[in-house]
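Novice: Here is the input, now give the coordinates:
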Amino acid sequence: IKYLFVGRRVKHRRRELISIGLRIALYLGAVFFLLPIGMAFAFLGVQLAVFGIYMGASFAPNHKGMPLVPADARIDFFSRQVLTGRNVLARSSFGNSVLSHVYGGLNYQVEHHLFPAMPRANLAGVSRIVRSYCAEHRIPYTVASVRESYAQVISYLNKVGLSGRDPFECPMISGYRLS
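Specialist: Presented below is the predicted three-dimensional model:
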C-alpha cells in the first residue's frame, strides 16, 4: 500500500487503491455488521494474532539457525541467498504440493529469494536447476523436512537464548548470594 502512494510510476495506481480500500471496507463492514461490537474487535484481535503465528511459522523454518553473513563480507548475491536460506520439503511430490500451498511457496525459500517475482508454481522446477548448479559449484544447499527444520529452529533459539545464563538460576536470589 505504501508503494502505491510513494511510487513514482505505478501502473493502475488508482484502480489498485480503490480495490484494496473496497476490500478492507467490505471485510470490516461485514465483521462489524454480523457481530456485536465487542465480539467484532475480539474477532479481529484473534485473527491478527493467529495470522502472526502463521507468518512466524512460515518464515522461521527457512532462516533461523542458518549462517549469518556479516554485512561487510564480500560474497556474491547467489551464494548469499543459498547459504542463508533453507528449503523445507517433503519426501513426495504430493507432500511438496501441500507444503507449497501451506507455506505459500516459501518452502522453496532459496529459489524465492533468488527469483522473488517468479510464480509459486515454477519454484519446484527451478529448485532442481539451482540444486544442480550448487552441486556443480560446491555451494552448500540446505534442505530439511518440516520436523527437521523446526528442530533446527528450536535448537538455535535455545542456544542463543540460554547461552548466557544458567536456566535454573533465579536472578533475584543470585544478587544475595555470597561468592
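Novice: quick one: contacts for residue 150?
Specialist: By CB atoms under 8 Å, 6 or more residues apart in numbering, residue 150 lies in contact with 60-61. In this view, the C-beta of every residue, glycine as well, is placed from N, C-alpha and C.
Novice: ok, now residue 135?
Specialist: Residue 135 neighbours (CB under 8 Å, 6+ apart): residue 141.
Novice: Tell me which helix or strand it sits in.
Specialist: According to DSSP states H and E, residue 135 maps onto helix 123-136.
Novice: In this structure, which residue is most central in space?
Specialist: In the chain, the residue lying closest to the centroid (CA atoms, centre = their mean) is residue 59, at 1.8 Å.
Novice: out of everything not next to it in sequence, what's closest to that one?
Specialist: The spatially closest residue to residue 59, leaving aside those adjacent along the chain, is residue 106, at 7.0 Å (CB to CB, 6 or more residues apart in numbering).
Novice: how much space between that neighbour and residue 145?
Specialist: Look at residue 106 and residue 145: by CB to CB, to the nearest Å, they are 15 Å apart.
Novice: of those two, who's got more company?
Specialist: residue 106 (21 against 15; other CB atoms under 10 Å).
Novice: isn't that one right up against residue 112?
Specialist: Yes - if you go by CB atoms under 8 Å, residue 106 and residue 112 touch, sitting 5.9 Å apart.
Novice: sorry, back to before: for the next helix or strand after the helix holding residue 135, give the mean pLDDT please.
Specialist: As assigned by DSSP H and E, the chain's next helix or strand after helix 123-136 is strand 142-144. Across strand 142-144, the average pLDDT comes to 92.
Novice: buried ones in strand 142-144?
Specialist: Buried positions in strand 142-144, judged by neighbour count with 16 or more other CB atoms under 10 Å: 142, 144.
Novice: Mind giving me the packing neighbours of that strand?
Specialist: The contact analysis (3 or more CB pairs under 8 Å, 6 or more residues apart in numbering; DSSP states H and E) places strand 142-144 against strand 86-88.
Novice: where does this protein have low pLDDT?
Specialist: Applying pLDDT under 70 to the chain flags the ranges 162-179.
Novice: Recalculate using a threshold of 90.
Specialist: Within the chain, the segments meeting pLDDT under 90 span 1-14, 55-75, 80, 89-106, 117, 120-121, 146, 152-179.
Novice: quick one, helices of it?
Specialist: Taking DSSP state H as the criterion, the chain carries its helices at 2-6, 13-34, 37-63, 77-84, 93-103, 109-114, 123-136, 146-162, 171-174.
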